[in-house]
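Trainee: pasted the sequence and its predicted model underneath.
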Amino acid sequence: MSNYVKSLVNLQNLLYSYSKESDRVIYPSIDKLLILVDSKYKLVHVAAWRSKQINETGFLQEKEEDYISTKNIGRALEEIADNLIKVKNAD
């Protein structure tokens, strides 16, 4: 299985997993993310890239306690949702 497919599966699992706050709250909302990024495939690519970068460097753009997610892929999605990562959309 390619890394791209693994990232897509991890993203899908993350989006449908339980959160700390509620039984079935998905955070950040896929609808909010797709407003910021024009393609779910690009969203997966950017989130996977940022997650790998967090793993390698340990650098987070916010304080660790400010993140809802404990996994780096979730933190990457939160950074995208908070506009800490700018994704250029195709024009």
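Mentor: Yep, it's here.
Trainee: name the SS class of the residue nearest in space to the middle of the chain, please.
Mentor: Residue closest to the average C-alpha location in the chain (C-alpha atoms, centre = their mean): Leu77, at 2.1 Å. When classified by DSSP: H, G, I helix; E, B strand; the rest coil, Leu77 comes out as helix.
Trainee: I'd say it and Lys32 touch.
Mentor: No - counting by C-beta atoms under 8 Å, Leu77 stays clear of Lys32, with 9.9 Å between them. Placement of C-beta: from N, CA and C, glycine included.
Trainee: distance from the chain centre to stretch 56-69, please.
Mentor: 12 Å (C-alpha atoms, centre = their mean, to the nearest Å).
Trainee: buried stuff in that stretch?
Mentor: Under the neighbour-count criterion of 16 or more other C-beta atoms under 10 Å, stretch 56-69 has 60, 67, 69 buried.
Trainee: please apply the same query to stretch 77-91.
Mentor: Applying 16+ other C-beta under 10 Å to stretch 77-91 flags 77-81, 85, 87 as buried.
Trainee: show me the strands in this structure, by range?
Mentor: Ranges of strands in the chain, per DSSP state E: none exist.
Trainee: where does it have low pLDDT?
Mentor: For the chain, the stretches with pLDDT under 70 are 1, 14-26, 89-91.
Trainee: 80 instead, please
Mentor: 1-26, 89-91 (pLDDT under 80).
Trainee: ok, back up a step: list the contacts for the residue nearest to the centre of the chain?
Mentor: Neighbouring residues of Leu77 by C-beta atoms under 8 Å, 6 or more residues apart in numbering: 11, 14, 28, 33, 47, 69.
Trainee: what is the nearest of these to Val5?
Mentor: Leu11 (10.7 Å; C-beta to C-beta).
Trainee: tell me the contacts of the nearest residue to the closest one once chain neighbours are set aside?
Mentor: Setting aside the residues directly before and after it, Leu11 is nearest to Val44 in space (C-beta to C-beta, 6 or more residues apart in numbering), at 5.2 Å. Applying C-beta under 8 Å, 6+ apart to Val44 gives the contacts 4, 7-8, 11.
Trainee: cool, thanks, talk later.
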